[in-house]
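1. no sequence on this one, just coordinates:
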């Protein structure tokens, strides 16, 4: 089975993301590509791909679009606990648990690949580089959750928002979604507020403060970081927890 240029372009984010964590063998890349092509799915914006309490029997790999992991309290208040970007899996290894402990929703229209458990386990059993890449991704997700806990528990509002912008920028870089010092930002202020534990009013005021300082421009669904090093300093941000620069 040969892949068209369009197929390769669609699948490229997943390969780039996993390769940033562990170099994939050519055989692993080919096997993963075919498995993803066979399970291509699409969803519109604002849809739950899976809800808290649902059983899991597959692995979903995002190829385009943005999603979020979230929890909702009984009174309707929502906390976004992570974003999911192109190239990242929604729930690798979650099938080992009885049910999901959180929900995953689309924030934009998305294209993703759904790989059933048996097929996924065959893939990772057949190639160590692929198995290690997916385990590394799970470990990085744990590290991201620790960093988000620090964000909510210790960083002040400006640091929280600046840190989130730095993280988004660095996570989009390996999958080729950065253009110069800009990246897309297709989420709403409500989404950003729910990710940082701020009210929409407080979030807006904080974004305006970052704009006024000359650190960022946020306009027309695009984030431009004028001085990444200065923004990292303001956020107390170090990208080491993302493990994006490992060479072996």
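-> Great, that's in hand. All figures in this text were calculated on a predicted structure; none of them were measured in a lab. Numbers count the residues shown, from 1 in each chain.

2. drop to CA atoms for contacts and neighbour counts, all remaining ones
-> Noted.

3. Which secondary structure elements does the helix or strand bottoming out on mean pLDDT in the chain sit against?
-> Least confident helix or strand of the chain, by mean pLDDT, DSSP states H and E, is helix 5-21 with a mean of 88. Packing contacts for helix 5-21, counted by 3 or more CA pairs under 8 Å, 6 or more residues apart in numbering; DSSP states H and E, involve helix 26-38, strand 58-64, helix 128-153.

4. now that helix and helix 26-38, what's the angle there?
-> 130 degrees (axes from the mean of the first three to the mean of the last three CA atoms, to 10 degrees).

5. For helix 5-21, which residues meet the burial criterion?
-> By neighbour count on 16 or more other CA atoms under 10 Å, the buried set for helix 5-21 is 10, 11, 12, 13, 14, 15, 16, 17, 18, 19, 20, 21.

6. Repeat that for stretch 185-203.
-> For stretch 185-203, by 16+ other CA under 10 Å, it's 185, 191, 192, 193, 194, 195, 196, 197, 198, 200, 203.

7. Sort out for me which of those are in strands.
-> With strands taken from DSSP state E, there is no overlap with the buried residues of stretch 185-203.

8. could you measure the closest residue to residue 105 other than its chain neighbours against residue 62, distance?
-> Distance criterion CA to CA, 6 or more residues apart in numbering; nearest residue to residue 105, sequence neighbours excluded, is residue 48 at 4.2 Å. If you measure residue 48 against residue 62 using CA to CA, to the nearest Å, the figure is 14 Å.

9. next one: residue 240
-> 23 Å.

10. Of these two, which one has the most company?
-> Between residue 240 and residue 62, counted using other CA atoms under 10 Å, residue 62 has the larger neighbour count: 27 against 10.

11. Now the residue nearest to that one when sequence neighbours are not counted, what are its backbone angles?
-> The shortest distance from residue 62 to any residue other than its chain neighbours is 4.3 Å, reached at residue 112 (CA to CA, 6+ apart). Per-residue torsions, residue 112: phi -140, psi 160 (degrees, to the nearest 10).

12. which ones are touching residue 112?
-> Counting by CA atoms under 8 Å, 6 or more residues apart in numbering, residue 112 makes contact with 40, 41, 42, 60, 61, 62, 63, 64.

13. quick one: pLDDT of the last one?
-> In the predicted model, residue 64 carries a pLDDT score of 97.

14. wait, doesn't it sit right on residue 113?
-> No: counting by CA atoms under 8 Å, residue 64 stays clear of residue 113, with 10.1 Å between them.

15. what's the distance between the residue nearest to residue 62 and residue 85?
-> From residue 112 to residue 85 the distance is 11 Å (CA to CA).
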